[in-house]
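**Q** Build me a model from this:
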Amino acid sequence: MKKKIWLSTPHLAGNELHFIEEALHTNWVTSKGGNIDEFEKSLSNFLKNDVQVCVLNSATSAIHLALIMLGVTSSDEVLTSTFSFCASANPIVYCGATPVFIDSEKDTWNMCPVALEEAINDRISKGNKPKAIIVVHLYGMPAKMDEITAIADKYVIPVIEDAAEALGSTYKGKACGTFGRFGILSFNGNKIITTSGGGALVCHTQEDKDKAVFLSTQARDNAPHYQHSQIGYNYRMSNVVAGIGRGQMEVLADRVEARRKMHDFYVDIFKDIDGVEVFSEPTEDFYSNHWLSAIVVDETKTGKSREDLRLAFLEDNIESRPLWKPMHLQPVFANSPYYGTNISEKLFENGLCLPSGSNLTDDERQRISAVIIKFFKA
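**A** As a prediction, the model looks like this:
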């Protein structure tokens, strides 16, 4: 059998081991140490906009802490993108709150501002003003942040930016993850850079960062003994794992460039194939890291479905994956409110994520190209 081509694999730089060894030699292996400090500093410098970063054990933990810090409780509702991974919605339930799902718009596949305002007005009319908005930058594509933040400001609802897939992406020159009251980053194994697992909460004040660190280290009060006045969590990133992140930050710009070149690779392949649209920036205001390259297949034009293509890839031992199944279609969220039309549903039915790793070789790209050309010319 041919060697497996994966959708998106970790791509280490080589210097990660140096920082891991530093943690081991200094005996700082838990939730404090130089790697944590330097990793947070390098992320803050990369994002700019005078932000403070708290690194954690996952992006899911970061969303959970953001909701807690906004005071979300069991009586609240939180608006979030339906077209996303479940980690965007699950922390809402952790807080005992109710997720309210918002459909996509066609340009960026992200939260539709029209459906968002419709949802806000309807929830207010029912006596429950939403406590927060979680907007996702899907597959690295920035959402329409001007429209979304204008609506959020109009109704005085804080925004949490789920930029888990969008480190290195910008909207009108400003880094994704720095628009909202809080931003979320992910360093899972399949992301632009990785710490094996891990995430970060992006804050705009030192006070918020300090609160996040406090909550993520079991909320221990300042006392000589162990004393706790509120519930805390074991969410802080370890100094060993942060060492991987320090090594990865040295090559972040290269990783973004490589992912964008993979997007261009697919644009070139599909430019003469009628009925296939490559997910791309709608205007120059949007700069995507193209964490995952994706396409939408119009079966009425191609005579072939996205599932046919997925199976063709599978036959050659190449991984591809349908786009996210919308959260409002998930059994676990069957009773949650939903606003919009069927845009996210159509994207799920007809869309496919393609191998996008920054470490794909020329031979692997040739195999991918051969499958696509053979499939559509057959």
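**Q** Let me know the secondary structure of residue 332.
**A** Under DSSP: H, G, I helix; E, B strand; the rest coil, residue 332 falls in the helix class.
**Q** dump the residue contacts of it.
**A** Residue 332 makes contact with residue 86 under the criterion CB atoms under 8 Å, 6 or more residues apart in numbering. Using the backbone N, CA and C atoms, a C-beta is placed for each residue, glycine as well.
**Q** And it, how far from residue 62?
**A** Residue 332 sits at a distance of 21 Å from residue 62 (criterion: CB to CB, to the nearest Å).
**Q** Over to residue 348?
**A** 26 Å.
**Q** residues in contact with residue 51?
**A** Contacts of residue 51 (CB under 8 Å, 6+ apart): 44, 177, 178, 183, 202, 203, 204.
**Q** I meant to write residue 84 there.
**A** 136, 138, 162, 324, 327.
**Q** Just the contacts of residue 51: which are in strands?
**A** Counted as lying in strands by DSSP state E, out of the contacts of residue 51, are 183, 202, 203.
**Q** Any idea how many residues pack against the second one?
**A** For residue 202, the count of nearby residues is 31 (other CB atoms under 10 Å).
**Q** from what I can see it touches residue 178, true?
**A** Yes. Contact status for residue 202 versus residue 178: in contact at 6.4 Å, counting by CB atoms under 8 Å.
**Q** any residues in contact with both of those two?
**A** Contact criterion CB under 8 Å, 6+ apart; residues shared by residue 202 and residue 178: 47, 51, 161.
**Q** which of the ones in strands among the contacts of residue 51 lies closest to residue 338?
**A** residue 183 (25.1 Å; CB to CB).
**Q** partner residues bridging that closest one?
**A** residue 161, residue 202 (DSSP bridges).
**Q** who touches the residue nearest to residue 167 when sequence neighbours are not counted in this structure?
**A** Nearest residue to residue 167, sequence neighbours excluded (CB to CB, 6 or more residues apart in numbering): residue 192, at 5.1 Å. By CB under 8 Å, 6+ apart, the residues touching residue 192 are 140, 167, 168, 252, 255, 256, 259, 289, 291, 358.
**Q** If you rank those by neighbours, which is first?
**A** If you rank those by neighbour count (other CB under 10 Å), residue 291 sits at the top with 31 neighbours.
**Q** so when I look at that one, I'm seeing a helix, right?
**A** No. According to three-state DSSP, residue 291 belongs to no helix; its state is coil.
**Q** and the longest helix for this structure?
**A** Secondary structure of the chain read by DSSP state H shows that its longest helix is helix 252-270.
**Q** what packs against that one?
**A** Judged by 3 or more CB pairs under 8 Å, 6 or more residues apart in numbering; DSSP states H and E, helix 252-270 is in contact with strand 276-278, strand 293-297, helix 362-377.
**Q** tell me which residues in stretch 326-342 are buried?
**A** In terms of neighbour count (16 or more other CB atoms under 10 Å), stretch 326-342 has its buried residues at 326, 327, 328, 333, 336, 337, 338, 339, 340.
**Q** Out of those residues, which is nearest to residue 100?
**A** For those, the nearest to residue 100 is residue 337 (4.6 Å; CB to CB).
**Q** what sits against that closest one?
**A** 77, 98, 100, 101, 119, 123 are the contacts of residue 337 under CB under 8 Å, 6+ apart.
**Q** What helix or strand is the last one located in?
**A** In this case it means residue 123. Using DSSP states H and E, residue 123 sits in helix 113-125.
**Q** Check which element follows that helix along the chain.
**A** Counting by DSSP H and E, what follows helix 113-125 is strand 132-136.
**Q** what packs against that following strand?
**A** Using 3+ CB pairs under 8 Å, 6+ apart as the test, strand 132-136 ends up in contact with helix 59-69, strand 77-81, helix 145-155, strand 159-162.
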